[in-house]
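Participant: structure for the following, please:
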Amino acid sequence: MVTKETTHFYSCQLATSNSVKQHKLRKRIAWLSDKEGPGREFISLFIPPKTPINELIADLKKESDLTIRKSESVKERLQSNIKNVILHLKQLKEIPDNGFVLFAGAFHTDGSEKEVLSLEEIVPPEPFSSYFYAIGDHFDLRPLREMLRDQQIVGILALDSKHASFGLLNSEHLEVMENISSGISGKSGKGGSSQRRYERERDSSIANFFHRIAEHANTQFIKNKVNILIAGGPGPTKNDFLKGEYLHYELNNMLLKIVDTQSAGKEALKEILDKSSETLKNMCGPEEKRIVQHLMIELNKQSGLATYGLDSVLDALKNGEVQIAIATDSTDITENIAVCKRCGFSKTKIANKKTQTIREMIESPCEKCKGSSFEVREKDIIDVLEDMASQTDASVEVISSVSVEKATLTALGGFVALLRYKSG
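Facilitator: Numbering: from 1, shown residues only. The predicted model follows:
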């Protein structure tokens, strides 16, 4: 394991609009949710505003002492993560006004084949009031997910008599949260009283499985603030479960659609989502609808104050023409910066295929000193738009909901802008 420390500061409270704050938070949550440790060694630490740093450090030292009860491999990794957090806290003068969150663990970072001891810091878009410390094989992201309340959070339940899978849709990122099995065998070919006894036992086992599904649904969906639920699966089992009133009444009230699938288990989650795309298209908020309607009116005018396409939007921002720049959250475009380690000269390229782009950038020598060693940096395209917009008091909005409005913008390349004026 490589023990090089890498620290990422992620300040989503500095965004220009609520939609950008939500976009940045969703993106970071999605990135962190994919990380997994071999044991219970990942640290999630939520620190409220005005928390005394010396008290935090003292508490963490106590936690480090408690790790002696764990296995040697887990103890070593967990103590390394706690030490990493303590060193970071000692460098701070005070806790930010919104508090902040630290995630520590050893995992594969972007583009790395080796595990790196990493510390991820997030300053949230709004303050939270409670101290929270957790260790596990995944990061605990629940308090951050609660800040996504302006977004429709969709829970997806797939079940048959043998399996149940639980998924969470944040924006367009489907996260498989849990899979459970019933252990129930197929129907018996016996006859007479043996067949009836077997059927009674099987019915009892299915009822017990339904109760387990309901308990896991409560744990996974209610704690994650799901406000829309879609259920599905092959055959009639899903209907028997839903008619049996096993679900918590809050989840029953959220049920939007029941889907018939060919597949079962976690494979059915994606099938349910695909078959629900039309149902989910009207989840866009009223403010997003208003902006997109205004945009389409301007685009349909011969000299309307609107433009579309990434290059056109960037040019308009550079010229100070933009009032509002609008993007969808499904683009994978980044600004890639390669800085020469010898002379500091940098070259920049915005592209979608970032791996290929970075390779091309570092394979060609530095234009200034002909050096061949570069430090590569990457910036999300939304951050690029924000930086440019801040120079001329423009604003940036991100449309995240699965909606007709988002589909309209996607057809225009995913980037549009309402203009103050047109130059030239």
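
Participant: who's in contact with L159?
Facilitator: S165, I213, A231, G233, T237, K238, F241, A264 (CB atoms under 8 Å, 6 or more residues apart in numbering). The way it works is simple: take the backbone N, C-alpha and C, and place the C-beta from them, glycine included.

Participant: all strands of the stretch 251-400 of the chain, in order?
Facilitator: For the stretch 251-400 of the chain, the strands defined by DSSP state E, counting those that start in this stretch occupy 255-260, 306-308, 322-328, 334-340, 346-351, 374-380, 395-399.

Participant: which stretches of the stretch 51-200 of the chain have low pLDDT?
Facilitator: Within the stretch 51-200 of the chain, the stretches with pLDDT under 70 are 66-74, 108-114, 148-152, 170-172, 185-195.

Participant: next, the buried residues of the longest helix along the chain.
Facilitator: When the chain is parsed with DSSP state H, its longest helix is helix 192-217. By neighbour count with 16 or more other CB atoms under 10 Å, helix 192-217 contains the buried residues R202, I206, F209, F210, I213, A214, H216, A217.

Participant: among those residues, find the lowest-pLDDT one for me.
Facilitator: Comparing pLDDT over the buried residues of helix 192-217, the lowest score belongs to R202 (81).

Participant: which element is the most centrally placed residue in the chain on?
Facilitator: For the chain, the residue sitting closest to the mean C-alpha position, by CA atoms, centre = their mean, is A30 at 2.2 Å. With secondary structure defined by DSSP states H and E, A30 is part of helix 18-33.

Participant: show the average pLDDT along that helix.
Facilitator: The pLDDT scores in helix 18-33 average 80.

Participant: next SSE downstream of it?
Facilitator: Toward the C-terminus, helix 18-33 is succeeded by strand 42-47 as the next helix or strand (DSSP H and E).

Participant: okay, buried residues for the helix or strand that that next one is followed by please.
Facilitator: Heading C-terminal from strand 42-47, the first helix or strand you meet, by DSSP H and E, is helix 53-66. For helix 53-66, a neighbour-count test (16+ other CB under 10 Å) marks L56, L60, E63, S64 as buried.

Participant: name the helices or strands packed onto helix 53-66?
Facilitator: In terms of contacts (3 or more CB pairs under 8 Å, 6 or more residues apart in numbering; DSSP states H and E), helix 53-66 is packed against helix 72-90.

Participant: ok, L299 touching Y308?
Facilitator: Yes: L299 lies in contact with Y308 (CB atoms under 8 Å); the separation is 6.9 Å.

Participant: mutual contacts of these two, please.
Facilitator: V416.

Participant: how about the helices of the stretch 251-400 of the chain, start to end?
Facilitator: Counting by DSSP state H, counting those that start in this stretch, one finds helices in the stretch 251-400 of the chain at the ranges 266-275, 286-300, 310-318, 354-363, 381-390.

Participant: quick one: which of those helices is nearest V416?
Facilitator: helix 286-300 (5.7 Å; CB to CB).

Participant: what mean pLDDT does that closest one have?
Facilitator: Averaged across helix 286-300, pLDDT comes to 80.

Participant: what's the distance between I86 and E367?
Facilitator: 43 Å (CB to CB, to the nearest Å).

Participant: contacting residues for T237?
Facilitator: Contacts for T237 (CB under 8 Å, 6+ apart) come out as L159, D160, S161, I206.

Participant: actually, R145.
Facilitator: Counting by CB under 8 Å, 6+ apart, R145 touches I29, I153, N170, N224, K225.

Participant: hey, C-alpha coordinates of the helix holding A30 in PDB?
Facilitator: Extracted as PDB, the C-alpha positions of helix 18-33 are listed here (Å, rounded to 0.1, in the frame of the first residue of the first chain):
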ATOM      1  CA  ASN A  18     -28.300  26.400  -5.500                       C
ATOM      2  CA  SER A  19     -28.400  24.100  -8.500                       C
ATOM      3  CA  VAL A  20     -24.600  24.300  -8.800                       C
ATOM      4  CA  LYS A  21     -24.200  23.600  -5.000                       C
ATOM      5  CA  GLN A  22     -26.500  20.600  -5.400                       C
ATOM      6  CA  HIS A  23     -24.600  19.400  -8.500                       C
ATOM      7  CA  LYS A  24     -21.200  19.600  -6.800                       C
ATOM      8  CA  LEU A  25     -22.500  17.800  -3.700                       C
ATOM      9  CA  ARG A  26     -24.200  15.000  -5.800                       C
ATOM     10  CA  LYS A  27     -21.100  14.500  -7.800                       C
ATOM     11  CA  ARG A  28     -18.900  14.200  -4.700                       C
ATOM     12  CA  ILE A  29     -21.400  11.900  -3.000                       C
ATOM     13  CA  ALA A  30     -21.400   9.600  -6.100                       C
ATOM     14  CA  TRP A  31     -17.600   9.600  -6.200                       C
ATOM     15  CA  LEU A  32     -17.300   8.700  -2.500                       C
ATOM     16  CA  SER A  33     -20.100   6.100  -2.600                       C
END
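
Participant: right, I'll call it a day here.
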